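Asks: Pasting the sequence and the predicted coordinates here, then a few questions.
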There are 2 protein chains.
Amino acid sequence: MKNPLLSFILFLAFGLMVQAQTIQSPNGNLSLTFEIVEGKAIYSLDYKDKAVIKPSSLGFEIKNQEKLDGDFTIVASEQDQKDETWSTVWGEETEIRNHYNELLVTLQQNSTERQLKVRFRLFDDGLGFRYEFPLQEKMAHFVIKEELTQFAMAGDHTAFWIPGDYETQEYDYTESKLSEIRGLMEKAITGNLSQEPFSVTGVQTSLMLKTDDGLYINLHEAALIDYATMHLNLDDENFTFQSWLNPDAIGDKGYLQAPSTSPWRTIIVSDDARDILASRITYNLNEPSKIEDTSWIKPMKYIGVWWEMITGKSSWAYTDELPAVQLGKTDYSEVKPNGIHGANTENVKRYIDFAAEHGFRGVLVEGWNIGWEDWFGNSKDYVFDFVTPYPDFDLEGIRDYAKSKGVEMVMHHETSSSVRNYERHMDKAYQFMKDHGYNSVKSGYVGDILPRGENHYSQWIVNHYQYAVEKAAEYKIMVNAHEAVRPTGVARTWPNLIANESARGTEFQAFGGNKPNHVTVLPFTRLIGGPMDYTPGVFEMDISKINPDNNSWVNSTLTNQLALYVTMYSPLQMAADLPENYERFLDAFQFIKDVPVDWEKSLYLEAEPGYYLTVARKEKGSNNWFVGSVNGVAARTSEINFDFLDPDKTYIATIYADGKNAHYRNNPQDYTIRKVLVNPKSKLKQNKASAGGYAISIMEASKEETKGIKKL
Amino acid sequence: MKNPLLSFILFLAFGLMVQAQTIQSPNGNLSLTFEIVEGKAIYSLDYKDKAVIKPSSLGFEIKNQEKLDGDFTIVASEQDQKDETWSTVWGEETEIRNHYNELLVTLQQNSTERQLKVRFRLFDDGLGFRYEFPLQEKMAHFVIKEELTQFAMAGDHTAFWIPGDYETQEYDYTESKLSEIRGLMEKAITGNLSQEPFSVTGVQTSLMLKTDDGLYINLHEAALIDYATMHLNLDDENFTFQSWLNPDAIGDKGYLQAPSTSPWRTIIVSDDARDILASRITYNLNEPSKIEDTSWIKPMKYIGVWWEMITGKSSWAYTDELPAVQLGKTDYSEVKPNGIHGANTENVKRYIDFAAEHGFRGVLVEGWNIGWEDWFGNSKDYVFDFVTPYPDFDLEGIRDYAKSKGVEMVMHHETSSSVRNYERHMDKAYQFMKDHGYNSVKSGYVGDILPRGENHYSQWIVNHYQYAVEKAAEYKIMVNAHEAVRPTGVARTWPNLIANESARGTEFQAFGGNKPNHVTVLPFTRLIGGPMDYTPGVFEMDISKINPDNNSWVNSTLTNQLALYVTMYSPLQMAADLPENYERFLDAFQFIKDVPVDWEKSLYLEAEPGYYLTVARKEKGSNNWFVGSVNGVAARTSEINFDFLDPDKTYIATIYADGKNAHYRNNPQDYTIRKVLVNPKSKLKQNKASAGGYAISIMEASKEETKGIKKL
């Protein structure tokens, strides 16, 4: 059937002639070269003539087959480009431009005749590329032993990294040179028992890098669907990262069927750190929404019966008498309540009242359902049923009370990582939610995955997280998944995935604390893939005042906490602290009440990963703007102007800032609030304390309202 | 809180005093002794003063704890007895007597204060015992590394064994001395790629043994629910078996929560092999039915579009053009059919016609649903959806046609061992069945379990098989699970589990053949736990006559195949061969048409494992009896009498027997059929060929009908 002469001619025509290809980004700043060098598939990336990625090889190790990483010829090559603008369901802006030049190369391994395609999309702010596996006899179904994608760095860059780990991303970030990672790995592990790095130079993505000559580089992935999570392992002699896919129980890294693709590997790059935050590469490389009617997906602020358990003041469990619960058999009416169960009807109603009074749409309640007495660390299969409340949680009464107050209850599904049990109960649990007026769920995956041997980021469990989101969409339920794999922009395709945790959140402030500069790193790392339910808004930094047995300290000033509602973008924002703590600082609390959760546009005014970050956002559907600025350890003066304001409008700015003596450790609650008039010509010089920050609400006002208020 | 003096008194009262205990079976033949010897918990079992189990120790290895296998004291001891009779939903008899004496000992490990109970039930035909884990602080949740139950044999017995394996029971049995197992292990592996013994002296249960002094001993387990399957590993110097639980992906063997129990470990024993077959210990040790209304559970004979695929005459797949199917995306209307797809409407209707003509209630069709092109060996997660027919399978038309003919379609759910996918689709698949008149499902678990690392008999997957059966009961669906764990009497509790495969079935006769004596072993091994869908009734032994490319040979005579409908008890019996083969032998086929699938009582007339077996059963709801007799390799004359018949009734017996020159290999279709009158005084001497057998239908008749028929 095959004509050898024709093959040879095609080889001449497409093979030899196109062994090197270069494309430019639309604005010409970025240049991608792809070439075959001694049979290897090599790509490299330059930014304004500086090397971002030095020549790096591509390929795979396929189980029970020859390596697919060399002996390549280019048998076809296509170029394309796109410039489109799409509308978000929610986000940092209402419209996103998707503008790139594309190169698609088809490689053939000469000895095996296997083909592999690589599709590059070069944007003004970075590169995305993915592998595509065409259907072919030898690779209809195949098992990936490893993906062999290199990211060769041009020097010993500074990195903001967390250890590579199959189970958790809940690490503090370490700032170091690449050459220092090996030596710092042990120290990078913080007090979380499930932290276990896979290699002494292994790190997770999204990884933020800074070069000595001022380039900012971010490595991550987009559209992680039914594929293993990509970590990176560093060859620290050559400063070259290689993809390290998350293995399954037997060490395999992916089961693929052609035709299919890998997720996109992304390299965001700029000489201005602010561009990293403004990049929308990750969403652009995901598919458009598969949910047609998105009217039920609504950003939301919420409070919850949660911080009191996190701090240890109250408990998820109803009783201390049950070392082992058998759902359906254990009779809770026969046990003695422990007296500190947070999710009791009276307490929940208190939160509902508070939410109604202060304009929060949602109230989350954790520990409402039976099973919390032995939920953790027991490899317990049937650990929760997701539908049976504790005897002191009057589900119907609370439902009706919330409704009467115009408040929406937020469901909580802790799975204890017993994912089969969750899938078995999922339809009933989601239906139960709809039957009782719950439209969103916070799900959790604490502890080791069942079945044992699987882990949090392998293909099998990535498939589960996706299944839970897609099934939730069938029920018109929004999902906020904690401990699930870190996001990769999939929320564009499934916008009911309104948030994830997938990083070290505020809860760790009650478990020993986060690094003071943590929130200046997260927007450059974790948030690249999508919103985080960081649960900001803690006003009482001394946790021992909530629970005398807990000496943890929240490493942040109070106004830093306010700023997070702007700097840590999420369509879902919690006010995490106890109502009684907010009532002590109602003037500052006003900012949390005012700040919206959906935006028309966002501007990144100042940014340096690990050090500072200032963001301005315009509220969707109004002319109000909000500014947030957070600081690392070093106190700093922020200088911004307001040229983004409409010159034809009048604005009152309320500035919530660190007081003169503020310091995250000694004096976090020292803050000032002042009202001033601002216009496009206004400039602000604002001091920020160590781990401090400021927040500004800029409200359009009538001339009347501005009377007596001074200009900035 | 604890009173040391009281403890000491209790220790004196219950501890020292009761360090050895003996109970007898109700008829006194069996004697069980339990004692503490140097801190070890030791049991032993005698039958008529012969040692069945020599002193054998009990206990556990618990993960991250001290071994729980010594330093024991008996802290309590209770005796009890029961004599009750319960009614079966289906079975070898309508009523079963449950008669035993019981000993319950509570052990305490002195150094750790952990407690462990052992409950012994001693029947006239054997012993069952299980571990019970009371709820206690140190063992509320725990992980079993190994169960340390010994079964010390009194000598180098003869065993009928299959290699211990985590993935399959589909082995031929080997008959050997215990001391020979090690040397024969390699040879015991037959041509099935997934066979992989875990140890050179590891075997599976149910294990049939015979002692040199004429005792028959069977080792198995009862009520395997949410626990790892028990295999046995032999210390072949001491002829002592030890339990070897089936591990999970990380080598752990069970995740337990107190209070809970192990399955029952069973030792059936007699000096008459027939008593092993008559024993109902396995069912008696299971819980009564949890299904209240069992009226929808009905034994059934069926035929199926199956043998033609097994032999290779036709295919499950619709096309040969799809190396990789994507359900929901692959368009079957665009591919070329392979022309040999078995499950096409015309062919299925032909089977329906045949079933209607010959009185079969069910028609199974395999390969009806899309996905068979790449279903096997690809670790494919979304491999079937269980609801989408191939384009040439007119589901509605077939449904209506079957209904019009009074025939019931039998569903087929091959899971390809992608069990998560099956659970995700299970509700819809079962509902789809009910919507289309399917009341029973044959499920299959071919290939490696997904997720990888798990296997066919670990606790996690045992839990899945059970889940599938219990969920089916919600839909009033009967389950016949193939490749699932071998049964342990759970069908008493869930009588909708009407059959399992879980052994080497008739299909292997088309894959190279089964040993000629295979069916003389199975009733003593595989069938101890419950019915097998052995799919007998093959009339054409030369498979090359069906498929010229298949040279397999069915190692059986034709009348041996008939006898299996009696000797291989199952409420679900297939007539496996092609309709055209039955049409060639309609006189012999008459027996298959006549034989019922539900029984009032069963008598075991002759039995020797590996050699011969003759069973008589009385039809439920009639006065008819049916006899089946099968033979091993050596030809043999069976001698039976008919004293089980009612002297006041008249019977015509139709005897289907091997012809004079019959031989399974040379002349399997040489058979004779004769009609005679029989009464309680009748005696039969009947020759059986090598791998032969005979079948008798004994129908109550009027005097009129007996005219001209001679007495036996």
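Replies: Arrived safely, thanks for sending. Worth saying up front: this structure is predicted, and the values here are computed from it rather than measured.
Asks: How confident was the prediction at the closest residue to residue A:125 other than its chain neighbours?
Replies: Excluding its sequence neighbours, the residue lying closest to residue A:125 (C-beta to C-beta, 6 or more residues apart in numbering or on different chains) is residue A:279, at 4.3 Å. For every residue, glycine as well, the C-beta is placed using N, CA and C. pLDDT, residue A:279: 98.
Asks: Go ahead and confirm residue A:279 touches residue A:124.
Replies: No: contact status for residue A:279 versus residue A:124: not in contact, 9.1 Å apart, counting by C-beta atoms under 8 Å.
Asks: what residues does the stretch 1-150 of chain A put near chain B?
Replies: Within the stretch 1-150 of chain A, the residues that sit near chain B (C-beta under 8 Å from any C-beta of the partner chain) are A:135, A:137, A:140, A:141, A:143.
Asks: I only care about those that end up buried; give me the ChimeraX line for that.
Replies: Buried residues among those (16 or more other C-beta atoms under 10 Å in any protein chain shown), as a ChimeraX selection:
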select /A:140,143
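Asks: for the stretch 351-500 of chain A, what spans make up the helices?
Replies: Ranges of helices within the stretch 351-500 of chain A are A:395-404, A:419-435, A:459-474, based on DSSP state H, counting those that start in this stretch.
Asks: cool, and chain A?
Replies: In chain A, the helices defined using DSSP state H lie at A:4-10, A:181-184, A:273-278, A:281-284, A:307-310, A:345-358, A:395-404, A:419-435, A:459-474, A:518-521, A:558-567, A:579-584, A:586-594.
Asks: Flag every residue of chain A that's near chain B.
Replies: Applying C-beta under 8 Å from any C-beta, we find that chain A lies next to chain B at A:135, A:137, A:140-141, A:143, A:226, A:248-250, A:252, A:255, A:257-259, A:323-324, A:326, A:374, A:378-381, A:420, A:423-424, A:427, A:450-454, A:460, A:463, A:467.
Asks: let's see it at 6 Å
Replies: Proximity of chain A to chain B (C-beta under 6 Å from any C-beta of the partner chain) is limited to residues A:135, A:140-141, A:248-250, A:255, A:257-258, A:323-324, A:378-379, A:451-454, A:460.
Asks: And those residues, which of them are buried?
Replies: Buried among those (16+ other C-beta under 10 Å): A:140, A:248-249, A:255, A:257-258, A:323-324, A:378-379, A:451-454, A:460.
Asks: Give me the mean pLDDT for stretch A:370-385.
Replies: Computed over stretch A:370-385, the average pLDDT equals 97.
Asks: actually stretch A:155-162, not the one I typed
Replies: Across stretch A:155-162, pLDDT averages out at 98.
Asks: coming back round to it: in strands, which of the residues of chain A next to chain B appear?
Replies: Among those, the ones falling in strands (DSSP state E) are A:141, A:255, A:257.
Asks: got the buried residues for stretch A:210-227?
Replies: Buried, per 16+ other C-beta under 10 Å, within stretch A:210-227: A:210-211, A:215-227.
Asks: first to last residue in it, what's the distance?
Replies: The first residue of stretch A:210-227 is 29 Å away from its last residue (C-alpha to C-alpha, to the nearest Å).
Asks: Residues in contact with it: which ones?
Replies: With contacts defined as C-beta atoms under 6 Å, 6 or more residues apart in numbering or on different chains, stretch A:210-227 is touched by A:50, A:52, A:151, A:157-158, A:205-209, A:230, A:254, A:263-271, A:273, A:276, A:282, A:285-286, A:459, A:463, A:488-489, A:528.
Asks: again, but for stretch A:404-421
Replies: For stretch A:404-421, the external contacting residues (C-beta under 6 Å, 6+ apart) are A:302, A:352, A:355-356, A:361-364, A:366, A:375, A:381-383, A:386, A:402, A:422, A:433, A:438, A:440-445, A:447-450, A:464.
Asks: need the strands for the stretch 51-200 of chain A, in chain order.
Replies: A:60-62, A:72-87, A:95-109, A:115-123, A:126-133, A:141-147, A:150-152, A:158-161, A:174-177 (DSSP state E, counting those that start in this stretch).
Asks: Those into TSV, with extra columns for distance to residue A:568?
Replies: Converted to TSV, those look like this (distance: least, C-beta to C-beta, whole Å):
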stretch	distance to residue A:568
strand A:60-62	36
strand A:72-87	23
strand A:95-109	19
strand A:115-123	24
strand A:126-133	22
strand A:141-147	31
strand A:150-152	27
strand A:158-161	16
strand A:174-177	19
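Asks: Just say which of the helices of the stretch 351-500 of chain A is most tucked in.
Replies: For the helices of the stretch 351-500 of chain A, average neighbour numbers computed from mean count of other C-beta atoms under 10 Å in any protein chain shown are highest in helix A:459-474, which has a mean of 21.
Asks: next one: it to chain centre, how far?
Replies: How far helix A:459-474 lies from its chain's middle: 17 Å, per C-alpha atoms, centre = their mean, to the nearest Å.
Asks: Run through who's touching that helix.
Replies: A:226-228, A:248, A:254, A:291, A:419, A:426, A:454, A:479, A:484-485, A:494, A:496-497, B:451.
Asks: go on, stretch A:645-662?
Replies: With C-beta under 6 Å, 6+ apart as the contact definition, stretch A:645-662 has outside contacts at A:557, A:559, A:562, A:588, A:591, A:623, A:667, A:670-676, A:678, A:680, A:686, A:688-689, A:692, A:694-701, A:706, A:709.
Asks: what do you get for stretch A:349-367?
Replies: The contact list for stretch A:349-367, computed with C-beta under 6 Å, 6+ apart, reads A:300-306, A:316, A:342-343, A:348, A:401-402, A:405, A:407-410, A:412, A:442, A:579, A:593.
Asks: Could you do stretch A:126-140 as well?
Replies: With C-beta under 6 Å, 6+ apart, stretch A:126-140 has contacts from A:32, A:45, A:114-115, A:117-121, A:258-262, A:264-269, A:281, A:285, B:323-324.
Asks: Endpoints of that stretch, how far apart?
Replies: Stretch A:126-140 has an end-to-end distance of 32 Å (criterion: C-alpha to C-alpha).
Asks: about what we covered before: among the helices of chain A, show the one with the smallest mean pLDDT.
Replies: Mean pLDDT across the helices of chain A is lowest at helix A:4-10; the value there is a mean of 46.
Asks: Provide a list of residues in contact with residue A:200.
Replies: A:182, A:185 are the contacts of residue A:200 under C-beta under 6 Å, 6+ apart.
Asks: where's it relative to chain B, distance?
Replies: Noted for residue A:200: a distance of 23 Å to chain B, by C-beta to the nearest C-beta, to the nearest Å.
Asks: now swap in residue A:307 and tell me
Replies: Counting by C-beta to the nearest C-beta, the gap from residue A:307 to chain B is 28 Å.
Asks: Quick check, that residue in contact with residue A:574.
Replies: No: using C-beta atoms under 6 Å, residue A:307 and residue A:574 do not qualify as a contacting pair, with a distance of 8.9 Å.
Asks: confidence score at the closest residue to chain B within the stretch 601-712 of chain A?
Replies: The nearest approach of the stretch 601-712 of chain A to chain B comes at residue A:620, 35.6 Å away (C-beta to the nearest C-beta). Residue A:620 is assigned a pLDDT of 97 by the prediction.
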